[in-house]
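Q: all I have is the shape, not the residue letters:
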Ligand code: GDP
Ligand code: ADP
Ligand code: 5GP
């Protein structure tokens, strides 16, 4: 029998409008069982977004109380709103040996790296150019002009963080980008950090 294993984490980051949500959605039936970490945010829901599916939508007071209570593995302010990853469901999924996927910003990636180290594989997703990012944000039609401007300004800062990531996907042809994302997700599942390696060695020796 295969030894049970501890799970691993795949972090996907990139500018708003780069195609992160589209990639996860398109790839989800082709990367095997995984747990998608649903973040908590103070951003208002967009048209079509559902509480508990896309995000847990809360007010600032609730979010700040959760920070104080130590609920978050990481949190950050992005485009003027709070976003955070709850620790408990992530820990449970990892203990079940699952691949856990986080769609979080560059600040959250840095914090998660400090806290979870070599459990993590990370991928930065972006468009072929800044101009194409602007076109997609306008094309998506979910945000008004001032919000788009904020997201573009932030993209210029975020792009500098590519150096901190394991993989880069330039989302030009969508089908190619989906194939690349699937390859990265499969690699993330096979990633053996120290904790996973020690767990495996122990079970292998004991002939499980
Ligand atoms: P989108 O980027 O257009 O999909 O817009 P969102 O409002 O959904 O997300 C804005 C930013 O917040 C993106 O960079 C996300 O990766 C990031 N984000 C979402 N959830 C979290 C989280 O739990 N923690 C952190 N640090 N960032 C998050
Ligand atoms: P993110 O989750 O990173 O903010 P989305 O997945 O919402 O990005 O994608 C932003 C917009 O760009 C959406 O309207 C999406 O349909 C479109 N899009 C995604 N990938 C491509 C691509 N390769 N070519 C053209 N448009 C794309
Ligand atoms: P399905 O196509 O049946 O919705 O999902 C296939 C697999 O992907 C299941 O293992 C499911 O748990 C996982 N999955 C896909 N999308 C999500 C998501 O948005 N959130 C969570 N928690 N899991 C997801």
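A: Done, it's in. Note that the coordinates shown come from a computational prediction; the quantities given were computed from them, not determined experimentally. Ligands and ions are numbered 1, 2, ... in the order given.
Q: how about the helices of the chain, start to end?
A: Here the chain has its helices, by DSSP state H, at 20-27, 60-68, 87-95, 106-116, 130-140, 145-158, 174-190, 194-205.
Q: wait, which of the ones you listed is closest to residue 76?
A: Nearest to residue 76 among those is helix 106-116 (3.9 Å), distances taken as C-beta to C-beta. Backbone N, C-alpha and C define where each C-beta goes, glycine included.
Q: so which elements touch the closest one?
A: strand 8-13, strand 72-78, strand 81-86, strand 120-126 (3 or more C-beta pairs under 8 Å, 6 or more residues apart in numbering; DSSP states H and E).
Q: buried ones in the first one?
A: Put plainly, it is strand 8-13. 8, 9, 10, 11, 12, 13 (16 or more other C-beta atoms under 10 Å).
Q: may I see these organised as TSV, with distance to ligand 3 and pLDDT added?
A: What follows is the buried residues of strand 8-13, written out as TSV (distance: C-beta to the nearest ligand atom, whole Å; pLDDT from 0 to 100):
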residue	distance to ligand 3	pLDDT
8	15	94
9	14	97
10	13	98
11	15	98
12	13	98
13	17	98
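Q: can you get me a residue count around the one residue in the chain that gets nearest to ligand 3?
A: The chain approaches ligand 3 most closely through residue 36 (3.4 Å), counting by C-beta to the nearest ligand atom. Residue 36 has 14 neighbours, counted by other C-beta atoms under 10 Å.
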